[in-house]
Structures are given as C-alpha cells and as structure tokens.
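Asks: below: sequence and its predicted model.
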Amino acid sequence: MADVQLRGLRKRYSGGVEVLKGIDLDIADGEFTVFVGPSGCGKSTLLRMIAGLEDIDAGDVRIGGRSVAALDASQRGVAMVFQSYALYPHMTVEQNMGFALKMSGLPRAEVRERVGQVAEILQIGPLLQRRPRELSGGQRQRVAIGRAIVRRPEVFLFDEPLSNLDAALRVQMRLELARLHRELGTTMIYVTHDQVEAMTLGDRIALFNAGRVEQVGTPLSLFEQPASRFVAGFLGTPTMNFLTVSATPAGPGEGLSRAGVRVPQAGASARRPTTLGVRANDIALAAPEQGLPAFIEVIEHLGDTVIAHARWAPDQPLIAVRLAPDVPPPRAGDAVGLRIRTERAHFFDAEGHAIAA
C-alpha cells in the first residue's frame, strides 16, 4: 500500500490545448479517492498520467514517497481497470487473470493459487474455465478487476469501470467495489462522471472543472459546503436551484433578495452576492400569499419521490421542489408559494465563488 502525491501536474496537447493546469493533490495510504467531473475536464487524463500511460509535461507523481514520473507503467506498482474490459477473447477467465503473473515468471502453482484466492473474493470461482464471450457484462468486469487484484499493486486505478453496465448492475458493482476496498485496504483512485458513484464510493472526492481541481473533501462536505456555484450545481439530484438576486438595504450587513431571503451584503470585501442557491429539499410549497409566488409547470413522479417544477418569473429558470411523501402533489398550472429554508440557502458572487451567509 502507498500514498499518492501529485505536484504541479500539467498536460498540453498539440494545438496548445492545456487539459491539466497544475494539479496538486494528496491521496492518503488506503484511501478511496474519486475523481469526478463533466466530460473533458481532465480527470481520465490525470489517471493515465498516474498510471504512466500519458506523458507528463510538468510536475511530479510520487507513489509511496518515490517519484515515478520517469518510470514505465510496469514499474510504478499500480494496476488499472479500464472502461472496456480488455479481456483476451481466446483465453479462459483463469488465464486472463493469471496472464500478467505468468509473464512475470511466477511459478504456475503460485499463479493458480493467487487466481483462486481472488476468484473467491470476487465470487467468480465457477467461471474460471469460461471464456469472455460466455460471461455477462458484470462478470466480465469482475474478471477485469480480478486481473488487477492478483498483481497485488500498491495502488488501484479505475477509469469509469461501470459505465458499460446497466443501472441495476452498476448499483451491485458499486457495493462490490466498496466491499472490496474494505477487505483489501489498498489505495484506490476512481474516475467517473457519475455523481452517485462519487458520493457513494469515495472517502474523498476531487471535483474537476476545466483542467483544475475545483474542490476536494468528503462527499458530505462538498454537498453541504460547496466552494463554488459549479460544485453546488454538479452535486445533487435534482441539481441545486439558482436564482438571480438583487440585494436592497435591510439592516446592518444585510440585504433582501427578490425571493424574500436575507442576503449577506458586500461589506469591506466588496463581494456582492448575485446568485442564491437552494436545494429541492429546502423548499416547501405553500399558498401563493405565504411565499414567493410561482406557478407549477411540471410534476415528476419518481416512485416514492415527487418533484414539482415551478417558475416564479418569466426570466428565471424552473425551480425544483421535492415534495413530502404525505403531501398531495399540485397540478400543472396551479399557483403556489415557494417557502425557502433561509438557513440552508447558499450565496455566490459574480465569479461563482461561495459567500458565507
């Protein structure tokens, strides 16, 4: 096992496009860290640089205290699981899992023993003599993970390994990966664009945006205390509601937005809030005269959850409200009042940075 230190990592492709703009990040020994962000933000490129599959233009990668930036991928003590299973179609499951060990010169008996141990952990023992074409997608992914485990690396790298699976299998494999991390205790770095995977798997999340790390922390800290409008809008389903605010004097150090919410004034910092953010759970429906007047446009029935989408002004986006299970849902066209839990509101300045209320 080993910690991972990333220092000033930069990557530029031909044409001058800089996809990573100086990444500094520490990943503790035994930690499950998730790189998450929209497509094209640089998270997979960074993972491949850690693995040694992409050249580093500037900066350093240290694994277990040693610099590996100049080492080949095979010398870094890492094992990578890809989005595509990348299994040899003519080999059995057992042969696929043991191939790297065989090529490294390990005795056949030891290879079989290690493959058998890992197959038991992943519950694929009965599949060892099958070939990839005889396996389901979930079984193939288990084999790909097993092929990485048998190498006993210091660090596991996962590049969107569940994206080819259907929804039910993704849930099952998330649970399997969480269990696997508890059992092995090995450092794991996992790349995904799926915020649910990030929130449920990671000890910590590094949220990427346009080649930079926007915020690092526990899943709960990023959800509850977003450092920017980008973080607030990326995490959470439905996404956070954003309202344009215009503060008017309402007392020392305060203002009042059009939504009837107390807004922190600029003060000495001259950082005036321009956006109010509030999650669907922190808005309740009331009579029109008892809250921000709005009209219901769409009702989403999602099993045990109902989401009402309302609009309070023609120039404002729809506002999502998660309804309590025991509240009869309104109908499209109904006039309502939106009551915002002011203590749960978030505020952002013109650059999108969070401002403390």
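Replies: It's in.
Asks: now the strands for the stretch 201-350 of the chain?
Replies: For the stretch 201-350 of the chain, applying DSSP state E, counting those that start in this stretch gives strands covering 204-209, 212-217, 241-244, 248-249, 254-256, 262-264, 275-278, 283-286, 292-302, 305-311, 319-323, 335-340, 346-348.
Asks: measure Phe223 to His346 for me?
Replies: Taking CB to CB, to the nearest Å as the measure, Phe223 falls 11 Å from His346. Every residue, glycine included, has its C-beta placed from N, CA and C.
Asks: swap that for Gly337, please
Replies: Separation of Gly337 from His346 (CB to CB) stands at 21 Å.
Asks: so for these two, which residue has more residues nearby?
Replies: Of the pair Gly337 and His346, His346 is the one with more neighbours under other CB atoms under 10 Å, namely 23 against 18.
Asks: can you name the residues bridging to that one?
Replies: Beta-bridge partners recorded for His346 (DSSP bridges): Gly277.
Asks: contacts only, for it.
Replies: Counting by CB atoms under 8 Å, 6 or more residues apart in numbering, His346 makes contact with Pro226, Ala232, Met240, Leu276, Gly277, Val278, Ala354, Ala357.
Asks: run the last query once more with 7 Å
Replies: Taking CB atoms under 7 Å, 6 or more residues apart in numbering, we find His346 in contact with Pro226, Ala232, Gly277, Ala354.
Asks: show me which pair in those residues is furthest apart.
Replies: The distance between the two most remote of these (CB to CB) is 8.8 Å, for Gly277 and Ala354.
Asks: list the residues that contact both of those two?
Replies: Residues touching both Gly277 and Ala354 (CB under 7 Å, 6+ apart) are His346, Phe348.
Asks: just give me the neighbour total for Pro89.
Replies: Pro89: 8 surrounding residues under other CB under 10 Å.
Asks: ok, it touching Arg133?
Replies: Yes - counting by CB atoms under 7 Å, Pro89 touches Arg133, with 6.4 Å between them.
Asks: got any ranges where the chain has weak pLDDT?
Replies: The chain contains residues with pLDDT under 70 at 1, 246-271, 357.
Asks: which residues in it form helices?
Replies: Assigned by DSSP state H, the helices in the chain fall at 43-51, 93-103, 108-122, 137-149, 167-184, 195-201, 219-224, 229-234.
Asks: what comes into contact with the second one?
Replies: Residues external to helix 93-103 that are found in contact with it (CB under 7 Å, 6+ apart): 87-88, 91, 111, 114-115, 118, 124, 127-130, 143, 146-147, 150-151.
Asks: then the first one?
Replies: With CB under 7 Å, 6+ apart as the test, helix 43-51 has contacts from 4, 9, 11, 19-20, 23, 35-37, 54, 56, 61, 73, 76, 78, 80, 157, 159, 189, 191, 208.
Asks: who touches the closest residue to His301 other than its chain neighbours in this structure?
Replies: Nearest non-adjacent residue to His301, counting by CB to CB, 6 or more residues apart in numbering: Pro329, 7.7 Å away. Residues counted as contacts of Pro329 (CB under 7 Å, 6+ apart) are Ile299, Val306, Ala308, Leu323.
Asks: are any of these buried, and which?
Replies: Among these, those scoring as buried are Ile299, Val306, Ala308, Leu323 (criterion: 16 or more other CB atoms under 10 Å).
Asks: distance to Glu214 for the contacts of Pro329 - can I get that in CSV?
Replies: Shown next, in CSV, are these (distance: CB to CB, whole Å):
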residue, distance to Glu214
Ile299, 33
Val306, 31
Ala308, 30
Leu323, 31
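Asks: could the contacts of His346 be laid out in a markdown table, adding neighbour count and distance to Val245?
Replies: Shown next, in a markdown table, are the contacts of His346 (neighbours: other CB atoms under 10 Å; distance: CB to CB, whole Å):
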| residue | neighbour count | distance to Val245 |
| --- | --- | --- |
| Pro226 | 24 | 17 |
| Ala232 | 26 | 15 |
| Gly277 | 21 | 10 |
| Ala354 | 19 | 14 |
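Asks: a markdown table please, covering these and showing distance to Ala28.
Replies: Formatted as a markdown table, the contacts of His346 follow (distance: CB to CB, whole Å):
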| residue | distance to Ala28 |
| --- | --- |
| Pro226 | 23 |
| Ala232 | 26 |
| Gly277 | 31 |
| Ala354 | 26 |
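Asks: now stretch 138-157: how far from the chain's centre is it?
Replies: Here stretch 138-157 is found 21 Å from its chain centre; the criterion is CA atoms, centre = their mean, to the nearest Å.
Asks: got the contact list for that stretch?
Replies: 1-2, 4, 47, 50-51, 63-64, 77-81, 85-87, 93, 96-98, 100-101, 114-115, 118-119, 122, 124, 127, 132, 135, 161, 165, 169, 172-173, 186-189.
Asks: check which residues of it are buried.
Replies: Residues of stretch 138-157 classed as buried: 138-151, 153-157 (neighbour count, 16+ other CB under 10 Å).
Asks: same check on stretch 281-289?
Replies: In stretch 281-289, counting by 16+ other CB under 10 Å, buried: Asp282, Ile283, Ala284, Leu285.
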